[in-house]
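Visitor: sharing a sequence plus its predicted fold:
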Amino acid sequence: MNIILLGPPGAGKGTQAKVLEESHGLKQLSTGDMLRAAVAAGSDMGLKAKAIMDRGDLVSDEVILAVVAERMDQPDVKKGVVFDGFPRTPAQAEALDSMLAKRGQKLDAVIEMKVEDEELVKRISGRFTCAKCGTGYHDSFARPKVDGVCDVCGGTEFIRRADDNEKTVRDRLKVYNEQTAPLVSYYAKRGNLHSVDGMADIKMVTASIGRILDGIEG
Ligand code: ADP
Ligand code: ADP
Ligand code: ZN
(Lines give C-alpha, C1' and ligand atoms only; values in the text may rest on other atoms or scores of the structure.)
(Ligands and ions follow the chains in the order given, each with its own letter.)
Protein backbone atom coordinates (compact mmCIF):
# COMPACT_ATOMS: atom_id res chain seq x y z
CA MET A 1 0.00 0.00 0.00
CA ASN A 2 1.33 3.43 -0.98
CA ILE A 3 -0.20 6.54 0.52
CA ILE A 4 0.47 10.26 0.57
CA LEU A 5 -0.07 12.45 3.61
CA LEU A 6 -0.80 15.84 2.10
CA GLY A 7 -0.92 18.96 4.23
CA PRO A 8 0.82 22.17 5.20
CA PRO A 9 3.91 22.37 7.41
CA GLY A 10 2.93 21.41 10.96
CA ALA A 11 -0.22 19.53 9.93
CA GLY A 12 1.02 16.36 11.64
CA LYS A 13 2.27 14.42 8.61
CA GLY A 14 5.49 13.24 10.24
CA THR A 15 3.73 12.34 13.49
CA GLN A 16 1.15 10.19 11.70
CA ALA A 17 3.68 8.71 9.26
CA LYS A 18 5.64 7.31 12.22
CA VAL A 19 2.44 5.76 13.61
CA LEU A 20 1.68 4.18 10.22
CA GLU A 21 5.14 2.61 10.09
CA GLU A 22 4.26 0.69 13.25
CA SER A 23 0.58 0.02 12.60
CA HIS A 24 0.63 -0.73 8.86
CA GLY A 25 4.21 -1.81 8.15
CA LEU A 26 4.78 1.10 5.80
CA LYS A 27 8.05 3.00 5.34
CA GLN A 28 7.99 6.75 5.89
CA LEU A 29 9.55 8.61 2.97
CA SER A 30 10.10 12.18 4.13
CA THR A 31 11.86 14.35 1.58
CA GLY A 32 12.43 16.94 4.33
CA ASP A 33 14.27 14.36 6.46
CA MET A 34 16.28 13.23 3.43
CA LEU A 35 17.30 16.80 2.66
CA ARG A 36 18.25 17.45 6.29
CA ALA A 37 20.40 14.30 6.20
CA ALA A 38 22.15 15.65 3.08
CA VAL A 39 22.70 18.99 4.84
CA ALA A 40 24.16 17.23 7.89
CA ALA A 41 26.44 15.13 5.65
CA GLY A 42 27.71 18.34 4.05
CA SER A 43 27.22 17.13 0.46
CA ASP A 44 27.14 19.66 -2.39
CA MET A 45 23.44 19.08 -2.80
CA GLY A 46 22.93 19.53 0.93
CA LEU A 47 24.74 22.86 0.98
CA LYS A 48 22.64 24.21 -1.87
CA ALA A 49 19.43 22.87 -0.34
CA LYS A 50 20.16 24.42 3.07
CA ALA A 51 19.96 28.01 1.84
CA ILE A 52 16.66 27.29 0.11
CA MET A 53 15.18 25.48 3.13
CA ASP A 54 16.24 28.24 5.53
CA ARG A 55 14.25 30.70 3.39
CA GLY A 56 11.21 28.41 3.34
CA ASP A 57 11.29 27.98 -0.44
CA LEU A 58 11.05 24.69 -2.31
CA VAL A 59 14.10 22.77 -3.47
CA SER A 60 13.97 22.18 -7.25
CA ASP A 61 11.80 19.38 -8.63
CA GLU A 62 14.89 17.97 -10.38
CA VAL A 63 16.84 17.50 -7.14
CA ILE A 64 13.84 16.13 -5.22
CA LEU A 65 12.90 13.66 -7.95
CA ALA A 66 16.43 12.30 -8.16
CA VAL A 67 16.50 11.74 -4.40
CA VAL A 68 13.07 10.07 -4.35
CA ALA A 69 13.78 7.83 -7.35
CA GLU A 70 16.94 6.54 -5.70
CA ARG A 71 15.07 5.86 -2.45
CA MET A 72 12.27 4.02 -4.28
CA ASP A 73 14.80 1.52 -5.62
CA GLN A 74 15.87 0.35 -2.19
CA PRO A 75 14.39 -2.99 -1.02
CA ASP A 76 12.85 -1.77 2.26
CA VAL A 77 10.24 0.39 0.53
CA LYS A 78 8.78 -2.40 -1.63
CA LYS A 79 6.02 -3.27 0.87
CA GLY A 80 4.61 0.22 0.84
CA VAL A 81 5.43 3.82 1.47
CA VAL A 82 3.86 6.70 3.32
CA PHE A 83 4.97 9.81 1.48
CA ASP A 84 5.44 12.73 3.87
CA GLY A 85 6.16 16.15 2.38
CA PHE A 86 6.23 14.76 -1.17
CA PRO A 87 4.87 15.51 -3.73
CA ARG A 88 4.78 19.28 -3.25
CA THR A 89 4.26 20.51 -6.83
CA PRO A 90 2.15 19.29 -9.76
CA ALA A 91 5.35 18.28 -11.59
CA GLN A 92 6.36 16.11 -8.61
CA ALA A 93 2.89 14.53 -8.53
CA GLU A 94 3.10 13.61 -12.21
CA ALA A 95 6.60 12.24 -11.79
CA LEU A 96 5.44 10.12 -8.84
CA ASP A 97 2.69 8.63 -11.01
CA SER A 98 5.20 7.48 -13.58
CA MET A 99 7.73 6.37 -10.96
CA LEU A 100 5.12 4.08 -9.40
CA ALA A 101 3.84 2.85 -12.79
CA LYS A 102 7.37 1.95 -13.85
CA ARG A 103 7.75 -0.16 -10.71
CA GLY A 104 4.36 -1.87 -11.17
CA GLN A 105 2.91 -0.08 -8.16
CA LYS A 106 0.03 2.27 -7.54
CA LEU A 107 -1.08 5.01 -5.23
CA ASP A 108 -3.77 3.69 -2.88
CA ALA A 109 -4.82 6.87 -1.10
CA VAL A 110 -4.04 10.52 -0.69
CA ILE A 111 -4.99 11.78 2.75
CA GLU A 112 -5.36 15.51 3.11
CA MET A 113 -4.80 16.79 6.66
CA LYS A 114 -6.67 20.06 7.22
CA VAL A 115 -5.38 22.44 9.89
CA GLU A 116 -5.91 26.19 10.34
CA ASP A 117 -2.97 28.56 9.81
CA GLU A 118 -2.76 29.92 13.38
CA GLU A 119 -2.68 26.37 14.76
CA LEU A 120 0.13 25.51 12.32
CA VAL A 121 2.22 28.41 13.58
CA LYS A 122 1.72 27.23 17.19
CA ARG A 123 2.61 23.66 16.31
CA ILE A 124 5.76 24.54 14.42
CA SER A 125 6.96 27.06 16.99
CA GLY A 126 6.83 24.36 19.70
CA ARG A 127 8.16 21.44 17.66
CA PHE A 128 11.28 19.47 18.62
CA THR A 129 12.56 15.98 17.81
CA CYS A 130 14.74 13.35 19.45
CA ALA A 131 18.27 13.64 18.03
CA LYS A 132 18.77 9.88 18.21
CA CYS A 133 15.55 8.35 16.81
CA GLY A 134 13.69 11.28 15.24
CA THR A 135 10.51 10.96 17.32
CA GLY A 136 8.61 14.25 17.20
CA TYR A 137 7.45 16.20 20.27
CA HIS A 138 5.81 19.52 21.10
CA ASP A 139 6.35 21.90 24.03
CA SER A 140 2.63 21.93 24.88
CA PHE A 141 0.83 19.28 22.78
CA ALA A 142 3.14 16.26 22.88
CA ARG A 143 5.67 16.37 25.70
CA PRO A 144 7.84 13.34 26.52
CA LYS A 145 6.47 11.36 29.50
CA VAL A 146 9.63 12.25 31.45
CA ASP A 147 10.96 15.74 30.74
CA GLY A 148 14.16 15.62 28.71
CA VAL A 149 13.98 11.88 27.95
CA CYS A 150 12.70 10.39 24.67
CA ASP A 151 9.76 8.00 25.24
CA VAL A 152 10.89 5.75 22.42
CA CYS A 153 14.68 5.39 22.74
CA GLY A 154 15.59 7.03 26.05
CA GLY A 155 17.72 9.64 24.23
CA THR A 156 18.33 12.90 26.07
CA GLU A 157 19.31 15.17 23.17
CA PHE A 158 16.72 17.03 21.16
CA ILE A 159 16.83 19.18 18.01
CA ARG A 160 14.89 22.23 16.89
CA ARG A 161 14.91 23.00 13.17
CA ALA A 162 16.41 26.28 11.93
CA ASP A 163 13.35 26.87 9.72
CA ASP A 164 10.85 26.35 12.56
CA ASN A 165 10.51 30.02 13.47
CA GLU A 166 7.44 32.19 13.05
CA LYS A 167 8.75 34.26 10.12
CA THR A 168 9.84 31.25 8.04
CA VAL A 169 6.67 29.36 8.93
CA ARG A 170 4.53 32.11 7.43
CA ASP A 171 6.65 32.03 4.25
CA ARG A 172 6.32 28.25 4.12
CA LEU A 173 2.54 28.48 4.46
CA LYS A 174 2.45 30.91 1.54
CA VAL A 175 4.57 28.55 -0.55
CA TYR A 176 2.24 25.68 0.42
CA ASN A 177 -0.86 27.59 -0.61
CA GLU A 178 0.64 28.63 -3.94
CA GLN A 179 2.53 25.53 -5.03
CA THR A 180 1.23 22.51 -3.11
CA ALA A 181 -2.47 23.19 -2.43
CA PRO A 182 -3.31 22.65 -6.15
CA LEU A 183 -2.53 18.96 -5.59
CA VAL A 184 -5.77 18.64 -3.62
CA SER A 185 -7.82 19.08 -6.78
CA TYR A 186 -5.31 17.04 -8.82
CA TYR A 187 -5.99 14.01 -6.59
CA ALA A 188 -9.69 14.77 -6.09
CA LYS A 189 -10.15 14.43 -9.86
CA ARG A 190 -8.48 11.03 -9.74
CA GLY A 191 -10.88 9.89 -7.03
CA ASN A 192 -8.36 8.80 -4.41
CA LEU A 193 -8.47 11.88 -2.18
CA HIS A 194 -9.62 11.58 1.44
CA SER A 195 -9.67 14.33 4.05
CA VAL A 196 -9.21 14.24 7.80
CA ASP A 197 -9.72 16.92 10.43
CA GLY A 198 -6.12 17.55 11.40
CA MET A 199 -7.21 19.96 14.17
CA ALA A 200 -8.23 17.02 16.35
CA ASP A 201 -5.80 15.55 18.85
CA ILE A 202 -3.09 13.17 17.69
CA LYS A 203 -4.92 9.95 18.63
CA MET A 204 -8.16 11.10 16.97
CA VAL A 205 -6.30 11.88 13.75
CA THR A 206 -4.66 8.44 13.88
CA ALA A 207 -8.12 6.88 14.25
CA SER A 208 -9.51 8.83 11.27
CA ILE A 209 -6.62 7.77 9.06
CA GLY A 210 -7.01 4.17 10.26
CA ARG A 211 -10.67 4.14 9.21
CA ILE A 212 -9.78 5.41 5.73
CA LEU A 213 -7.12 2.74 5.28
CA ASP A 214 -9.45 0.00 6.57
CA GLY A 215 -11.94 1.04 3.91
CA ILE A 216 -9.30 0.70 1.22
CA GLU A 217 -7.94 -2.65 2.32
CA GLY A 218 -11.42 -4.09 2.79
P1 ADP B 1 4.47 17.98 9.70
O2 ADP B 1 5.30 16.72 9.49
O3 ADP B 1 3.18 17.96 8.97
O4 ADP B 1 5.25 19.23 9.44
P5 ADP B 1 4.61 17.24 12.56
O6 ADP B 1 4.09 15.85 12.58
O7 ADP B 1 6.06 17.45 12.71
O8 ADP B 1 4.05 18.02 11.25
O9 ADP B 1 3.82 18.06 13.70
C10 ADP B 1 4.14 19.41 14.00
C11 ADP B 1 4.14 19.63 15.52
O12 ADP B 1 2.82 19.54 16.02
C13 ADP B 1 4.96 18.60 16.30
O14 ADP B 1 5.55 19.27 17.41
C15 ADP B 1 3.90 17.57 16.77
O16 ADP B 1 4.28 16.99 18.02
C17 ADP B 1 2.67 18.43 16.93
N18 ADP B 1 1.42 17.76 16.50
C19 ADP B 1 1.26 16.85 15.51
N20 ADP B 1 -0.04 16.49 15.40
C21 ADP B 1 -0.71 17.19 16.34
C22 ADP B 1 -2.10 17.25 16.73
N23 ADP B 1 -3.04 16.51 16.11
N24 ADP B 1 -2.42 18.09 17.75
C25 ADP B 1 -1.47 18.84 18.37
N26 ADP B 1 -0.15 18.83 18.05
C27 ADP B 1 0.22 18.01 17.05
P1 ADP C 1 7.30 20.62 6.86
O2 ADP C 1 6.46 19.43 6.64
O3 ADP C 1 7.40 21.05 8.27
O4 ADP C 1 7.00 21.75 5.92
P5 ADP C 1 9.57 19.30 5.56
O6 ADP C 1 10.52 18.64 6.47
O7 ADP C 1 8.65 18.46 4.76
O8 ADP C 1 8.80 20.35 6.45
O9 ADP C 1 10.37 20.24 4.54
C10 ADP C 1 11.32 21.18 4.98
C11 ADP C 1 11.86 21.94 3.78
O12 ADP C 1 12.53 21.04 2.89
C13 ADP C 1 10.81 22.62 2.92
O14 ADP C 1 10.46 23.92 3.40
C15 ADP C 1 11.52 22.68 1.55
O16 ADP C 1 12.49 23.72 1.53
C17 ADP C 1 12.27 21.36 1.53
N18 ADP C 1 11.48 20.26 0.92
C19 ADP C 1 11.05 19.13 1.55
N20 ADP C 1 10.36 18.34 0.72
C21 ADP C 1 10.35 18.99 -0.49
C22 ADP C 1 9.76 18.69 -1.76
N23 ADP C 1 9.05 17.57 -1.96
N24 ADP C 1 9.93 19.60 -2.75
C25 ADP C 1 10.65 20.73 -2.57
N26 ADP C 1 11.21 21.07 -1.40
C27 ADP C 1 11.06 20.20 -0.35
ZN1 ZN D 1 14.35 8.94 20.69
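Guide: Nice, I can see it. These numbers were taken from a predicted model, which means no experiment stands behind them. Numbers count the residues shown, from 1 in each chain. Ligands and ions are numbered 1, 2, ... in the order given.
Visitor: check contacts around the residue most central in space within the chain.
Guide: Nearest to the mean C-alpha position of the chain, by CA atoms, centre = their mean, lies D84 at 2.6 Å. Under the criterion of CB atoms under 8 Å, 6 or more residues apart in numbering, the contact list for D84 reads 5, 13-14, 17, 28-33. Placement of C-beta: from N, CA and C, glycine included.
Visitor: make JSON lines out of the residues you listed and add secondary structure.
Guide: Formatted as JSON lines, the contacts of D84 follow (DSSP: H, G, I helix; E, B strand; the rest coil):
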{"residue": "L5", "secondary structure": "strand"}
{"residue": "K13", "secondary structure": "helix"}
{"residue": "G14", "secondary structure": "helix"}
{"residue": "A17", "secondary structure": "helix"}
{"residue": "Q28", "secondary structure": "strand"}
{"residue": "L29", "secondary structure": "strand"}
{"residue": "S30", "secondary structure": "strand"}
{"residue": "T31", "secondary structure": "helix"}
{"residue": "G32", "secondary structure": "helix"}
{"residue": "D33", "secondary structure": "helix"}
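Visitor: tell me which of the residues you listed is nearest to ligand 2?
Guide: Using CB to the nearest ligand atom, G32 is the member of these that lies nearest ligand 2, at 1.8 Å.
Visitor: quick one, what contacts the nearest residue to that closest one once chain neighbours are set aside?
Guide: In space, and not counting its chain neighbours, G32 is closest to G85: 4.6 Å by CB to CB, 6 or more residues apart in numbering. Contacts for G85 (CB under 8 Å, 6+ apart) come out as 13-14, 30-32.
Visitor: and G85, what are its phi and psi?
Guide: For G85, the backbone dihedrals (degrees, to the nearest 10) come out as phi 90, psi 10.
Visitor: what does the pLDDT read for it?
Guide: Per-residue pLDDT puts G85 at 98.
Visitor: ditto for I216
Guide: For I216, the model assigns a pLDDT of 87.
Visitor: report the contact partners of it.
Guide: Applying CB under 8 Å, 6+ apart, the residues near I216 are 1, 108-109.
Visitor: so it versus R71, what's the distance?
Guide: 23 Å (CB to CB, to the nearest Å).
Visitor: who's K114 bridged to?
Guide: Beta-bridge pairing for K114 (DSSP bridges): D197.
Visitor: strands of this structure, start to end?
Guide: 3-6, 27-30, 81-84, 109-114, 127-130, 136-138, 158-159, 193-197 (DSSP state E).
Visitor: wait, isn't V205 in contact with I212?
Guide: No. The criterion here is CB atoms under 8 Å, and V205 misses it with I212 at 11.0 Å.
Visitor: what sits in contact with each of these two?
Guide: V196.
Visitor: these two: which has the busier surroundings?
Guide: V205 (22 against 15; other CB atoms under 10 Å).
Visitor: so what's the more buried one up against?
Guide: Contacts of V205 by CB under 8 Å, 6+ apart are 12, 16, 113, 196-198.
Visitor: show me which helix runs longest in the protein.
Guide: Looking across the chain with DSSP state H, the single longest helix is helix 202-217.
Visitor: number of nearby residues for F128?
Guide: For F128, the neighbour count with other CB under 10 Å is 18.
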